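>>> What follows is a predicted protein model with its sequence.
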Protein chains: 2
Amino acid sequence: MNTRTAHWIHLALATSLAGTAAAATPTPPHSRAMADILAASPASDWRELDPDNTLYMDLPTGRVVIEMAPLYSPAHVANIKILAHEHYFDGLAIIRSQDNYVAQWGDPSEDVEGAVARPLGSAKPTLPAEFTVPISPKMPFTKLPDGDLYAPEVGFSNGFPVGRDRKAGQAWLTHCYGAVGVGRGDDPGSGNGASLYAITGHAPRHLDRNIAVVGRVVQGMELLSTLPRGTGPLGFYEKPEQQLPITSVKLASDVPAEQRTRLQVLRTDSATFAAVAEARRNRHDDWYVAPAGHIELCNVPIPVRAAPTK
Amino acid sequence: MNTRTAHWIHLALATSLAGTAAAATPTPPHSRAMADILAASPASDWRELDPDNTLYMDLPTGRVVIEMAPLYSPAHVANIKILAHEHYFDGLAIIRSQDNYVAQWGDPSEDVEGAVARPLGSAKPTLPAEFTVPISPKMPFTKLPDGDLYAPEVGFSNGFPVGRDRKAGQAWLTHCYGAVGVGRGDDPGSGNGASLYAITGHAPRHLDRNIAVVGRVVQGMELLSTLPRGTGPLGFYEKPEQQLPITSVKLASDVPAEQRTRLQVLRTDSATFAAVAEARRNRHDDWYVAPAGHIELCNVPIPVRAAPTK
């Protein structure tokens, strides 16, 4: 029955998958407008992921692809690359899934009294607190004109949602859905990249400037967001058998070219990206009666697609 | 090892479970400050759910408890109560799970060409568009002073996050995590409550004022948020066997008292709630180096707890 079938379809047109792609079909079009805009985009508005800054976390359920942002957390990204290169994460586990917040992974033995933690190898045991970094001329910045509650200004830089404080001369990656960060203790310099988390719920933007964000999940987010929630305090799994083992975490450049997941991200300084944001800011399909007129940073999708075969 | 164990613990202190409770332990304390505030709260700052405006959606995996807000969508809530009372939803299914967006449930036959839809019984087939309602003196409103990108003002009303436009004299429920709304077609008056959705990702606030929100999930949200994502367009399940059957949806007042899930919600006009919001706006535990100073509507938790046994 057409009108009632329309219930399903039309709620759906209003989707807000904030730029993370489903495994099967990276960045499916979420509205007629966005589909049209992406279909009309020139190839030059897309960039391929840099294998040297891309992580593959292979789980029994599939692959999570993480793009890292070395401009924003250089020491942390460098350490994580060492850890991945030396197979630190292989055989470790996802140890925590807290509803509307995070999935977290690392060495389960660190939560067990008396257990021996896996050695960090060549990686550093602690790192400087890269919660913000100095604004650099090397950092592109496409400002979002809509304002923000958490930062003096926000926008996009090389495909990442960022905040900036020009007075203080600082920039930082924000905690939108899919953001990947580095767990730490009370000491701001206690993180090292061996314990990582991904945001699986409404953006906890109060974490911005308090912890090092290293990148974002660009594919496979649903493998983390659908994990059973841990029933222990803070969403930790109470039993080892509830944890999901990590098959491996590899740097894409350590993987043979033919085994890589070739993805392209829409350039966030392109006209196509500006059109996407505008289409989401003011939706003009027949379903909407009241276009919002504004869009919040974490609601702007950063489209990802499979790299076209040559 | 203490310092490294602290990685897990301290990221966790920063949680932002926006007021929806896990099944086992409604509103676990998410920070020392919040735990202290709630522990010190007087009993009078809590109210029990009204069984006549509470839905139990029983799934094979557990119970989802939905508090409805009849002040904000009276015709839709009334229709849903009729549907539940007449067992309309029993044996229907969750038909859609789209990552970082919604879970949706209703009659699967509506998506099948030529299938006969379940009759709506005494419920109305269409309803007026209650996307906003006139501000009424009966509506309490505790303003959030932090501002908002989507509404002239936002705050809390009887335990619900709401937006208001005083110039237009309108108020509406917002699409924070856990919000429950009514699917509709292009015609704004085409919804009837037989197709419902819950927000399972970052708040799609652009839906505000475009669709009728009827309430929010106060317990069991994780049963919806962890559903496998549908691999069809827009997160629809492609095969009937992928859908999760709904055992029943009942109005709590139709359930014998001893089978009810007795929950209390913190009064959003209480001093305790104001203290919770402030504790989240500016976090002062040792972990934080940069308290945000502001908080966004959907990041303010609305605490829920099991009703104390008398």
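Ah, there it is.
>>> Now do the helices in the stretch 101-250 of chain A.
Counting by DSSP state H, counting those that start in this stretch, the stretch 101-250 of chain A has these helices, from start to end: A:221-225.
>>> residue ranges of the strands in it, please?
Secondary structure of the stretch 101-250 of chain A, counting by DSSP state E, counting those that start in this stretch: strands at A:102-106, A:133-134, A:142-143, A:153-157, A:160-165, A:170-173, A:179-182, A:196-199, A:213-219, A:244-245, A:248-251.
>>> Dump these into CSV; add distance to residue B:70, mean pLDDT and mean neighbour count as well.
For every residue, glycine as well, the C-beta is placed using N, CA and C. Compiled in CSV, the strands of the stretch 101-250 of chain A are given as follows (distance: least, Cβ to Cβ, whole Å; pLDDT from 0 to 100; neighbours: other Cβ atoms under 10 Å in any protein chain shown):
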stretch, distance to residue B:70, mean pLDDT, mean neighbour count
strand A:102-106, 35, 97, 27
strand A:133-134, 50, 98, 14
strand A:142-143, 42, 98, 13
strand A:153-157, 37, 98, 22
strand A:160-165, 38, 98, 24
strand A:170-173, 42, 98, 23
strand A:179-182, 38, 98, 27
strand A:196-199, 34, 98, 28
strand A:213-219, 39, 98, 28
strand A:244-245, 42, 98, 16
strand A:248-251, 50, 98, 20
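>>> Which one, of those, ends up nearest to residue B:234?
The closest approach between residue B:234 and any of the strands of the stretch 101-250 of chain A, judged by Cβ to Cβ, belongs to strand A:213-219 at 18.0 Å.
>>> tell me the angle that closest one makes with strand A:160-165.
Angular relation of strand A:213-219 and strand A:160-165 on a 0 to 180 degree scale: 150 degrees, by axes from the mean of the first three to the mean of the last three Cα atoms, to 10 degrees.
>>> And chain B, is strand A:213-219 touching that?
No - no part of strand A:213-219 sits close enough to chain B to count as contact by Cβ under 8 Å from any Cβ of the partner chain; the gap is at least 10.6 Å.
>>> Using CSV, list the CA coordinates for that strand.
Coordinates of the C-alpha atoms in strand A:213-219 are reproduced here as CSV (Å, rounded to 0.1, in the frame of the first residue of the first chain):
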residue,chain,number,x,y,z
VAL,A,213,41.8,11.9,19.2
VAL,A,214,43.8,10.2,16.5
GLY,A,215,41.3,9.7,13.6
ARG,A,216,37.9,8.3,12.7
VAL,A,217,36.3,5.2,11.5
VAL,A,218,35.5,5.5,7.8
GLN,A,219,34.1,2.0,7.3
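>>> any residues touching that strand, and which ones?
For strand A:213-219, contacts defined as Cβ atoms under 8 Å, 6 or more residues apart in numbering or on different chains pick out A:19-23, A:26, A:49, A:53, A:55, A:63-69, A:72-73, A:76-77, A:80, A:160, A:172-176, A:178-182, A:193, A:196, A:198, A:224, A:261, A:263, A:265, A:304.
>>> Of these, keep whichever come out buried.
Members of those that pass the buried threshold by neighbour count (16 or more other Cβ atoms under 10 Å in any protein chain shown) are listed as A:19-23, A:26, A:49, A:53, A:55, A:63-69, A:72-73, A:76-77, A:80, A:160, A:172-176, A:178-182, A:193, A:196, A:198, A:224, A:261, A:263, A:265, A:304.
>>> who's residue A:266 bridged to?
According to DSSP bridges, the partner residues bridging residue A:266 are residue A:46.
>>> what's near enough to touch it?
Shown here is residue A:266, whose contacts under the criterion Cβ under 8 Å, 6+ apart are A:38, A:41, A:45, A:46, A:159, A:272, A:273, A:276, A:302, A:303, A:304, A:305.
>>> pLDDT score for the nearest residue to residue A:260 once chain neighbours are set aside?
The spatially closest residue to residue A:260, leaving aside those adjacent along the chain, is residue A:252, at 5.4 Å (Cβ to Cβ, 6 or more residues apart in numbering or on different chains). At residue A:252, the pLDDT value in this model is 98.
>>> got a list of what residue A:252 touches?
Remark: with contacts taken as Cβ under 8 Å, 6+ apart, residue A:252 is in contact with A:49, A:51, A:52, A:54, A:55, A:56, A:260, A:261.
>>> of all of the stretch 201-310 of chain A, which residue lies closest to chain B?
Using Cβ to the nearest Cβ, the closest approach of the stretch 201-310 of chain A to chain B is made by residue A:234 at 3.6 Å.
>>> pLDDT below threshold where in the stretch 201-310 of chain A?
A:310 (pLDDT under 70).
>>> What residues does it have near chain B?
Contact residues, the stretch 201-310 of chain A versus chain B (Cβ under 8 Å from any Cβ): A:201-211, A:221-222, A:225-229, A:231, A:233-236, A:280, A:283, A:286-292, A:294-296, A:298-299.
>>> I'd like to know which of those are buried.
Of the members of these, the ones counted as buried by neighbours, 16+ other Cβ under 10 Å, are A:201-211, A:221-222, A:225-227, A:229, A:231, A:234-236, A:280, A:283, A:287-288, A:290, A:292, A:294-296, A:298-299.
>>> Next, residue A:37: secondary structure please.
When the structure is split into helix, strand and coil by DSSP: H, G, I helix; E, B strand; the rest coil, residue A:37 lands in helix.
>>> Need the pLDDT of it.
Listed pLDDT for residue A:37 reads 95.
>>> got it, and the one 3 residues further on?
Here, the pLDDT recorded for residue A:40 equals 96.
>>> try residue A:111
With respect to pLDDT, residue A:111 scores 70.
>>> repeat for the one 10 residues further on
Model confidence at residue A:121, expressed as pLDDT, equals 98.
>>> likewise the one 10 residues further on?
pLDDT, the model's per-residue confidence, is 97 for residue A:131.
>>> so it makes contact with residue A:207?
No - Residue A:131 is beyond contact range of residue A:207, at 9.3 Å (criterion: Cβ atoms under 8 Å).
>>> what's the neighbour count on residue A:58?
By other Cβ atoms under 10 Å in any protein chain shown, 17 other residues sit near residue A:58.
>>> tell me, how many neighbours does the nearest residue to it once chain neighbours are set aside end up with?
Closest residue in space to residue A:58, ignoring its immediate chain neighbours: residue A:247 at 4.3 Å, by Cβ to Cβ, 6+ apart. Here the neighbour count serves as a burial measure; for residue A:247 (other Cβ under 10 Å) it reads 17.
>>> All good on my end, thank you.
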